[in-house]
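1. Got a predicted structure here, sequence first:
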Amino acid sequence: MTTTTLAVLVPLLPFLGAAAGLLLGRTAPGYVRPLAVLPSLTSLVLAVLVAVRQGGGPAIDSQTELTPTGSVPIELALHIDGFAALVAVLVGVVASCVQIYSTGYLRDDPRYPSYAALVSLFTSAMLLVVYSGDLMVLLVGWEIMGICSYFLVGHYWETPEARAASIKAFLVTKLGDVPFLIGLFALATDAGSFRITTVLGTVASGGLHHPTLVALLLLAGVAGKSAQFPLHTWLPDAMAGPTPVSALIHAATMVAAGVYFIARLLPVFQASSAAMVVLAVMAAVTMAGSALAALAQDDIKRVLAYSTIGQLGYMTGALAVGDRDAAVFHLMAHGAFKALLFLAAGVIIHASGTNSLAVMSRMKGLRDRVPDAYWTMTVALLALAAIPPFSGFFSKEAVLGAAEHVATGHAEHAPGAAGWIVLVSGLITAVLTAAYATRLWLLAFRGQGAEAPDHGRQPLSMTAVLWVLAVPSLVFGLAYGTLPDWFDGRDLTPVLTTSVLGTGLALVGGLVTYGAWRHTTAMAARVPLGAVVAHPDADAGTVEAEAIALHASAFGDVAYAPDPADPGRLLLGPLHRHAAVGFHLDAVYSALFVRPVRAGASLVRFLDREVVDTYVRGAAALPRWLGAAVRRAQTGNVQTYVSALLAGTVVLVVAALLVATGA
């Protein structure tokens, strides 16, 4: 079987699994789980074979014209180079782990068949984006992921939070997709083709007429899809969906698509220095702002959501300094440990019956209830904090090293200003990342108070995949010596100065947070929680809000019940209140966009009902009155009808005589 045939099967198999799962979900429920897991596993095996055959050598290109479209044809094209082959393997690994995990996590969910089918379709769409050599075909996968995220985030549509989150995710990403589509058309107009290789050739020859405008239009779509400032607000709210969906979206699909797109078309952005600086500023604000917000969150999944936004900021920062290899390296390392973090969080939520770190901090012995999640999450958090020798250390330091090269003038493929912006913000974010990672670990696993509830051991399908993902989280970074074969020969060895500085700052952030936790634990008057009863649907990601409400009034804040032993409150001080709500960006958007749109809609509704409908009702009134008058004359009395007939005849005769006499 040729490599091209294998590559076609990689996205096709999950798509067929999704179609079969939707068709057989109700009639043959016994086939749902095999149809969810086996296509993803098979696709993973084929993606590995494609990567081995590609081997970091010349790109594999294949195309066939779908249909004649005039001057700019649309082709079903494949373009598989080294980093595309590796990213496809990452997607296959994470998707397979999510499908296996979901068989236990959602084992009692009546909507599991549709959920599993949508996850398979989600996977297929991302693989289409990764392998596509045509921008229009890539756009198809891009938009399919958008609609899949809408349905999966809103999986628990009975809750208002899930409904609102799904709508918000869809609208915010579509807000970015409109200029993104315009940018694609402008790019294809200049290149005369949607083929990626043709577009890159046009850029290399200087044939792109308006590079800054095109780059900024494309960047809007990337900001929406990859949850970058200012279109990142949908991602924390998307935590209302099932936890395995969060793992899939954050680790290998959806948000990774925007970063992958820039990496694929990086020369387009490099053609404009202004666009590179804008990308650097966007990355810097995203990194630092999301890290501060993560340090103030109480929901464990929202901490990880803001963490994802920040790590994506590192990736876009690497792209802003023109280093595609460092960006994709961090994309892959992050995919492994972020999927592990979310799936381990799902196990913790399953065991504790709550998403709240404030409640978990009052549970003694939670780590003994979930030993698999405890050890594997510890590995993942160390990777997230970029502590050597975990994978995040190598990938994050590759980003900082690339920024240092540009900032100090040792590389000229990006503006020096972009290098300084990314380097400074990246170092600041390194401190904050270690701080919120340490805080999460302490509050989740070092709680004091009532004994944690015992709901028995979690299903093997949920715990086994944690150890599978722990392996790359631990050792993937050590593979940097072999990755240059796939990454254009780029040496990804961390730069000594930035690696020492970055690691030192991470250790400082962790130690300061630990000291703050010890101080607040010793000084705060702890409020006993009492017995914590887990919600029966806790394994479906439900937050047990009643547990916090029991003691919320003690802190004078019913809407947000903080833990007085939370080190984040001490570290952030007055900033904590603002960081906890994402620095009020949603409120700003509501004031600038939502309220004016609603006011406009209310005005249109008023004009429609009170003005337009008034004319319609007036036009109908006269016929209605005439009809009423005629209806009263229809009495059904024959004598009345004869009398009226005679009276009418007399009137006509008299009128005729008068006319004749007058003549």
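-> Perfect, thanks for sending it. Numbers count the residues shown, from 1 in each chain.

2. okay, CA-based contacts and neighbour counts for the rest of this
-> Fine.

3. Just checking the distance from the helix or strand encompassing Thr4 to the centre of its chain.
-> Assessed by DSSP states H and E, Thr4 sits inside helix 3-24. On the basis of Cα atoms, centre = their mean, to the nearest Å, helix 3-24 sits 23 Å off its chain's mean C-alpha point.

4. what's the average pLDDT for that helix?
-> If you average the pLDDT over helix 3-24, you get 92.

5. Look at Arg107 and say how many residues are nearby.
-> 15 (other Cα atoms under 10 Å).

6. Could you measure from it over to Asp372?
-> For Arg107, the distance to Asp372 equals 20 Å [Cα to Cα, to the nearest Å].

7. going on from the helix holding Thr4, what's the next piece of helix or strand?
-> helix 32-54.

8. Which secondary structure elements does that next one sit against?
-> helix 3-24, helix 82-105, helix 112-131 (3 or more Cα pairs under 8 Å, 6 or more residues apart in numbering; DSSP states H and E).

9. Quick one: closest of the ones you listed to Asp237.
-> Asp237 lies closest to helix 112-131 among those, at 19.0 Å (Cα to Cα).

10. tilt between the closest one and helix 32-54?
-> 10 degrees (axes from the mean of the first three to the mean of the last three Cα atoms, to 10 degrees).

11. can I get the CA coordinates of helix 112-131 in PDB?
-> Only the C-alpha atoms of helix 112-131 are listed here, as PDB (Å, rounded to 0.1, in the frame of the first residue of the first chain):
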ATOM      1  CA  TYR A 112     -22.700   8.400  24.600                       C
ATOM      2  CA  PRO A 113     -23.300   7.100  21.000                       C
ATOM      3  CA  SER A 114     -23.700  10.600  19.600                       C
ATOM      4  CA  TYR A 115     -20.800  11.800  21.800                       C
ATOM      5  CA  ALA A 116     -18.400   9.100  20.600                       C
ATOM      6  CA  ALA A 117     -19.400   9.700  16.900                       C
ATOM      7  CA  LEU A 118     -18.800  13.500  17.300                       C
ATOM      8  CA  VAL A 119     -15.400  12.800  18.900                       C
ATOM      9  CA  SER A 120     -14.500  10.600  15.900                       C
ATOM     10  CA  LEU A 121     -15.700  13.300  13.500                       C
ATOM     11  CA  PHE A 122     -13.700  15.900  15.400                       C
ATOM     12  CA  THR A 123     -10.600  13.700  15.100                       C
ATOM     13  CA  SER A 124     -11.100  13.200  11.400                       C
ATOM     14  CA  ALA A 125     -11.500  17.000  10.800                       C
ATOM     15  CA  MET A 126      -8.200  17.800  12.600                       C
ATOM     16  CA  LEU A 127      -6.400  15.100  10.600                       C
ATOM     17  CA  LEU A 128      -7.800  16.600   7.500                       C
ATOM     18  CA  VAL A 129      -6.400  20.000   8.500                       C
ATOM     19  CA  VAL A 130      -3.000  18.400   9.200                       C
ATOM     20  CA  TYR A 131      -2.600  16.500   6.000                       C
END
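
12. just checking, what packs against it?
-> helix 3-24, helix 32-54, strand 74-80, helix 82-105, helix 135-153, helix 255-264.

13. now do the same end-to-end measure for stretch 410-423.
-> 14 Å.

14. follow-up on the earlier one: deepest in the core, which of the helices and strands packed on helix 112-131 is it.
-> Counting by mean count of other Cα atoms under 10 Å, helix 82-105 has the highest mean neighbour count of the helices and strands packed on helix 112-131, with a mean of 26.

15. This structure: strands as residue ranges?
-> If DSSP state E is used as the criterion, the strands of the chain fall at 60-67, 74-80, 363-364, 450-451.

16. Any idea how far stretch 88-106 is from the middle of the chain?
-> 17 Å.

17. now stretch 273-286
-> Counting by Cα atoms, centre = their mean, stretch 273-286 comes out at 20 Å from the chain centroid.

18. which stretches of the stretch 451-600 of the chain have low pLDDT?
-> Under the criterion pLDDT under 70, the flagged ranges of the stretch 451-600 of the chain are 454-456, 480-493, 524-565.

19. Can you get me a residue count around the residue nearest to Phe583 when sequence neighbours are not counted?
-> Once flanking residues are discounted, Phe583 sits nearest to Ala293: 7.7 Å by Cα to Cα, 6 or more residues apart in numbering. For Ala293, the neighbour count with other Cα under 10 Å is 28.

20. Before we move on, what's the pLDDT of Ala293?
-> Looking at Ala293, the pLDDT reads 95.

21. my guess is Phe342 meets Ser246, correct?
-> Yes: the pair Phe342 / Ser246 is scored as a contact, 6.8 Å apart, by Cα atoms under 8 Å.

22. so who does Thr253 touch?
-> 91, 122-123, 126, 145 (Cα atoms under 8 Å, 6 or more residues apart in numbering).

23. ugh, wrong one, I meant Ser461
-> 100-104.

24. Of those residues, which is the nearest to Leu118?
-> Ser102 (12.4 Å).

25. Give the closest residue to that closest one in space, chain neighbours not counted.
-> Pro244 (6.5 Å).

26. Make TSV from the helices and strands packed on helix 112-131 and add distance to Phe185 to it.
-> Output for the helices and strands packed on helix 112-131, formatted as TSV (distance: least, Cα to Cα, whole Å):
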stretch	distance to Phe185
helix 3-24	25
helix 32-54	30
strand 74-80	12
helix 82-105	23
helix 135-153	9
helix 255-264	15
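
27. and those, which one's lowest on average pLDDT?
-> strand 74-80 (a mean of 88).

28. Check which helices and strands that one is in contact with.
-> strand 60-67, helix 112-131, helix 135-153.

29. rerun that using 6 Å as the cut-off
-> strand 60-67, helix 112-131 (3 or more Cα pairs under 6 Å, 6 or more residues apart in numbering; DSSP states H and E).

30. and that strand, C-alpha only, in CSV?
-> As requested, the backbone C-alpha atoms of strand 74-80 are provided in CSV (Å, rounded to 0.1, in the frame of the first residue of the first chain):
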residue,chain,number,x,y,z
ILE,A,74,-9.9,23.5,-5.6
GLU,A,75,-8.0,20.3,-5.3
LEU,A,76,-8.1,17.3,-2.9
ALA,A,77,-4.4,17.6,-2.1
LEU,A,78,-2.0,16.1,0.4
HIS,A,79,1.1,17.8,1.7
ILE,A,80,2.9,15.8,4.3
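
31. I'd like to know which of the helices and strands packed on helix 32-54 lies nearest to Asp298.
-> helix 82-105 (22.5 Å).

32. starting at the chain centroid, how far to the closest one?
-> 16 Å.

33. residues making contact with it?
-> The contact list for helix 82-105, computed with Cα atoms under 6 Å, 6 or more residues apart in numbering, reads 37, 40-41, 44, 47-48, 51, 56, 130, 244, 252, 459, 461-462, 465, 486.

34. what's the most distant pair in the residues you listed?
-> Longest span within those, Cα to Cα: Gly56 and Pro459, 38.8 Å.

35. neighbour-wise, which of the two wins?
-> Gly56 (22 against 14).

36. Check which residues of the longest helix seen in the chain are buried.
-> In the chain, taking DSSP state H as the definition, the longest helix is helix 160-191. Within helix 160-191, the residues scored as buried using 16 or more other Cα atoms under 10 Å are 161-177, 179-181, 183-191.

37. For Val465, give its distance to Leu44.
-> 15 Å.

38. If you could redo that for Gly146, that was the one I meant.
-> Distance of Gly146 to Leu44, computed by Cα to Cα: 22 Å.

39. Same question for Ala288.
-> 35 Å.

40. Could you do Ala169 as well?
-> 28 Å.

41. what's around Cys450, how many residues?
-> Careful, residue 450 is Ala and not Cys. 17.

42. one step back: closest to Leu474 out of the helices and strands packed on helix 32-54?
-> So among the helices and strands packed on helix 32-54, helix 82-105 is nearest, using Cα to Cα, at 15.2 Å.
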